[in-house]
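Student: heads up, no residue letters with this:
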């Protein structure tokens, strides 16, 4: 099954991975970083065995943050403007995905998280 992407609506130097597991509950996986202005980027990989993965992003409201999603073969699956299309990117279909967080203008702290 080929993964499909969608996004929903709202307004690096280094990435961190944090796993929080509570017995009987979903794990939350977090990534974060800092982009130092226009045309800078940060990447992180996600492996999903589920048929629906929702990754939620936060970023400075005064900056123009975007996310490019690449599939297992490095092919671009989507390029999302978080300000225009919203902070949630949905991926339907499992596999390994690379997320490239970048800014067209501005900079600052960004975060991304999903539950598994």
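Tutor: Yes, it's here. Because the structure is a prediction, the values reported are computed rather than measured.

Student: Specify the beta-bridge partners of the residue nearest to residue 82 when sequence neighbours are not counted.
Tutor: Nearest residue to residue 82 in three dimensions, chain neighbours excluded: residue 65, at 4.9 Å (Cβ to Cβ, 6 or more residues apart in numbering). C-beta here means a position set from N, CA and C on the backbone, and glycine is covered the same way. Counting by DSSP bridges, residue 65 is bridged to residue 103.

Student: Spit out the contact partners of residue 65.
Tutor: Shown in contact with residue 65 (Cβ atoms under 8 Å, 6 or more residues apart in numbering): 35, 57, 59, 82, 83, 101, 102, 103, 106, 110.

Student: Hmm, residue 42 and the first one touching each other?
Tutor: Yes: taking contact to mean Cβ atoms under 8 Å, the distance of 6.5 Å between residue 35 and residue 42 places them in contact.

Student: who's more crowded, these two?
Tutor: residue 35 (23 against 20; other Cβ atoms under 10 Å).

Student: Tell me who's in contact with that one.
Tutor: Neighbouring residues of residue 35 by Cβ under 8 Å, 6+ apart: 12, 13, 41, 42, 63, 65, 101, 102, 103, 107, 108, 110.

Student: Using neighbour counts, trim those to the buried set.
Tutor: Those of these that meet the buried threshold are 12, 42, 63, 65, 101, 102, 103, 107, 108, 110, by 16 or more other Cβ atoms under 10 Å.

Student: thinking again about what came up before, identify those among the contacts of residue 65 that sit within helices.
Tutor: 82, 83 (DSSP state H).

Student: one step back: among the buried ones among the contacts of residue 35, which one sits closest to residue 91?
Tutor: residue 101 (15.2 Å; Cβ to Cβ).

Student: measure the closest one to residue 49 for me?
Tutor: Distance from residue 101 to residue 49, counting by Cβ to Cβ, to the nearest Å: 23 Å.

Student: so where's the protein uncertain?
Tutor: By pLDDT under 70, the weakly predicted segments of the chain are 1-24.

Student: thinking residue 98 is in contact with residue 43, fair?
Tutor: Yes: the pair residue 98 and residue 43 passes the contact test of Cβ under 8 Å, sitting 6.0 Å apart.
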